[in-house]
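> sequence and computational prediction follow.
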Amino acid sequence: MQHLPLAVRAVLDGQGGVISRRQTAALTFDDHDLRRWRRQRLLVAVHPGVYVDHTGAVTWHQRSWAAVLAAAPSALFGCCALRAIHGPGWRAHDDAGPLHVAVATHRRVTAPGGVQVHRVGELDDRVQWHRSPPRMRVEEALVDAASGARDDLAAVHVLAGAVGARTTTAPRVLAALCTRSRVPRRAFLTGVLDDVGRGACSVLEVAYLRDVERAHGLPDGRRQAPRPDRPGLRDVLYADQGVVVELDGRMDHTALPERDADLERDLAGLARGLTTARIGWTQTARNPCRTAHAVAELLQSRGWTGRPRRCPRCR
């Protein structure tokens with residue numbers, strides 16, 4: 001049985017089974033060796049000059065290593081860097097899509113099929129070269145992914161999801177944003193990071209804060225307030241009025257165990273003098289004005305002396 005040299009095998013093992021011609025040359029092997037290994041099917045080309053150590057399907061991890069090596073020195077960029085950080089199954093990423101890599105601004109790189117190259121200033125300061133594969137630092141990747149998102153809602157999802165998962169913090173992402181001279185939708189992203197920093201850790205929570213609470217002058221609720229009776233957090237707590245708002249972003253509300261758990265939490269809150277209002281996507285995204293006035297009436301019934309104001313969308 002034919003085997004690859006131990007030095008080549010060591011590089012492959014550290015890179016998910018992927019290696020480049022440049023790396024084999026650095027190990028003193030030449031193109032004759034590469035041709036022989038390819039004839040023996042010990043290496044299979046993924047891109048020109050980049051090889052994987054097996055036949056058959058190539059995993060996303062191997063594709064990402066191949067993309068980085070094809071444009072070397074380079075690193076995973078934007079959503080691809082976030083995919084590497086979050087791991088398989090991250091719903092915000094399409095594993096079948098192109099691989100995005102970052103290179104230094106002075107370089108001109110011809111990208112192979114399935115790879116998109118982005119030229120980035122001060123690349124060394126923005127990249128974790130020791131990771132497998134090399135990738136942009138999480139805060140830098142978040143700025144790139146959010147600023148390049150297809151719309152504002154997708155940008156909120158990227159930022160709120162990462163901070164909610166405790167991958168980083170809103171101030172750290174804001175600091176990375178402030179180092180950039182030109183960023184699309186800068187003002188919007190700055191505002192979203194401020195909201196996320198206040199505790200709004202999902203798209204729905206940001207929408208409620210902006211379009212329901214703040215737009216209509218409702219009291220400032222406390223976000224992610226600890227529950228005194230059991231582990232967990234309340235989405236929004238209006239402590240002076242004894243009102244809890246739970247934001248339910250599930251699309252399927254038919255699961256009985258989850259519904260029962262919600263009802264039990266609501267009952268436990270009532271026993272402690274708290275009234276719980278459950279608000280979903282329709283109330284927050286489609287009818288924020290109607291929802292704001294309904295929440296205002298609930299707060300007024302519990303002692304709030306203020307009045308909701310009209311927003312530009314109110315009729």
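Sure thing, it's come through. Numbering: from 1, shown residues only.

> touching, Ile19 and Asp13? I think so.
No. Checked against Cβ atoms under 8 Å, the pair Ile19 and Asp13 is beyond contact range at 10.0 Å. Every residue, glycine included, has its C-beta placed from N, CA and C.

> when these two are compared, which one has more neighbours?
Ile19 (28 against 10; other Cβ atoms under 10 Å).

> how about the more buried one, secondary structure?
Following DSSP: H, G, I helix; E, B strand; the rest coil, Ile19 is assigned to strand.

> for beta bridges, what are the partners of it?
Taking DSSP bridges, one obtains Tyr51 as the residues bridged to Ile19.

> contacts only, for it.
Listed by Cβ atoms under 8 Å, 6 or more residues apart in numbering, the contact set of Ile19 reads Val8, Val11, Leu12, Leu43, Val50, Tyr51, Asp53, Leu69.

> hang on, the third one packs against Gln23?
Read that as Leu12. No. If you go by Cβ under 8 Å, Leu12 and Gln23 don't touch, sitting 9.4 Å apart.

> so where do the strands sit in the stretch 201-315 of the chain?
Remark: strands assigned in the stretch 201-315 of the chain by DSSP state E, counting those that start in this stretch are 222-226, 233-238, 243-248, 275-280.

> turn the ones you listed into a markdown table, columns for mean pLDDT.
Output for the strands of the stretch 201-315 of the chain, formatted as a markdown table (pLDDT from 0 to 100):
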| stretch | mean pLDDT |
| --- | --- |
| strand 222-226 | 86 |
| strand 233-238 | 88 |
| strand 243-248 | 87 |
| strand 275-280 | 86 |
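
> could those strands go into TSV alongside mean neighbour count?
Formatted as TSV, the strands of the stretch 201-315 of the chain follow (neighbours: other Cβ atoms under 10 Å):
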stretch	mean neighbour count
strand 222-226	16
strand 233-238	21
strand 243-248	21
strand 275-280	18
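
> looking at the contacts of Ile19, which one is closest to Val243?
If you rank these by distance to Val243 using Cβ to Cβ, Leu69 comes first, at 55.8 Å.

> once you drop chain neighbours, what's closest to the closest one?
Sequence neighbours aside, Ser20 is the residue nearest to Leu69 in space, at 4.2 Å (criterion: Cβ to Cβ, 6 or more residues apart in numbering).

> for ChimeraX, what selects the buried ones among the contacts of Ile19?
Selecting only the buried entries of these in ChimeraX, with 16 or more other Cβ atoms under 10 Å as the criterion:
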select :8,11,12,43,50,51,53,69
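
> return the subset of the contacts of Ile19 lying in helices.
Members of the contacts of Ile19 lying in helices (criterion: DSSP state H): Val8, Val11, Leu12, Leu69.

> and the gap between the first one and Arg21?
According to Cβ to Cβ, to the nearest Å, Val8 and Arg21 sit 12 Å apart.

> ditto for the third one
As for Leu12, its distance to Arg21 is 13 Å (criterion: Cβ to Cβ).

> per-domain residue ranges of the chain.
The chain breaks down by automatic domain parsing into domains covering 6-136, 139-197, 216-301.

> in TSV: those domains, plus distance to Leu204.
Shown next, in TSV, are the domains of the chain (distance: least, Cβ to Cβ, whole Å):
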stretch	distance to Leu204
domain 6-136	15
domain 139-197	9
domain 216-301	4
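
> quick one: closest of those to Tyr208.
domain 216-301 (5.1 Å).

> now do that closest one: distance from first to last residue.
End-to-end distance for domain 216-301: 17 Å, by Cα to Cα, to the nearest Å.
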